[in-house]
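# here is a sequence with its predicted model. Questions after.
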Amino acid sequence: MMDNERHQDDPTRRARLRWRSRRGLLENDLILTRFLDAHETELTDDEVDALTRLLELSDNDLMALILGRTEPEAGLDRPHVHALLARLRQA
């Protein structure tokens, strides 16, 4: 992405990410909403990418990662995903 196309500079992209963060599993919804309320405006593009990848998971798989019951595998096993999970675990 070019600097002028950063996720944080596009209100539509930010709204879409927040909408995708709404989950059927209440615990996930609370954690993600609390995290976005506190950090949404400061997320880097790598963190947005990591969150987008995590949001592709089922609610149960996402909860297992957030609680540390499992660790990222395959396409999720990337440094920026691990870093974002660490932040979510503190939320």
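Received the coordinates, thanks. In this text, all values refer to a predicted model and were calculated from it rather than measured experimentally.
# buried stuff in stretch 65-76?
Leu65, Ile66, Pro72, Leu76 (16 or more other Cβ atoms under 10 Å). C-beta here means a position set from N, CA and C on the backbone, and glycine is covered the same way.
# any idea how far apart the tips of it sit?
Taking Cα to Cα, to the nearest Å, the first and last residues of stretch 65-76 lie 11 Å apart.
# repeat for stretch 29-49
For stretch 29-49, the first and last residues are 18 Å from each other (Cα to Cα).
# what do you get for stretch 40-50?
End-to-end distance of stretch 40-50 (Cα to Cα): 13 Å.
# okay, now Ser28: neighbour count?
Actually, residue 28 is Asn. It isn't Ser. By other Cβ atoms under 10 Å, the residues close to Asn28 number 22.
# tell me the SS of it?
With DSSP: H, G, I helix; E, B strand; the rest coil as the basis, Asn28 sits in helix.
# quick revisit: closest one of the buried residues of stretch 65-76 to Asp29?
Using Cβ to Cβ, Ile66 comes nearest to Asp29 of those, at 11.6 Å.
# quick one: low-confidence residue ranges for this structure.
1-9 (pLDDT under 70).
# please enumerate the helices of it.
Using DSSP state H, the helices assigned to the chain run over residues 11-20, 26-39, 45-55, 59-66, 79-90.
# may I see the buried residues of the first one?
Right, helix 11-20. For helix 11-20, a neighbour-count test (16+ other Cβ under 10 Å) marks Arg14, Leu17 as buried.
# compute the inter-axis angle for that helix and helix 45-55.
For helix 11-20 and helix 45-55, the angle between their directions (axes from the mean of the first three to the mean of the last three Cα atoms, to 10 degrees) works out to 30 degrees.
# and if you look at the second one?
Computed by the same axes, to 10 degrees, the angle separating helix 26-39 from helix 45-55 equals 170 degrees.
# try the shortest one
Taking the same axes, to 10 degrees, one finds that helix 59-66 is oriented at 130 degrees with respect to helix 45-55.
# chain neighbours aside, what residue packs nearest to the residue most central in space within the chain?
When the chain is reduced to its mean C-alpha position, the closest residue under Cα atoms, centre = their mean turns out to be Leu51, at 2.4 Å. Distance criterion Cβ to Cβ, 6 or more residues apart in numbering; nearest residue to Leu51, sequence neighbours excluded, is Leu84 at 6.1 Å.
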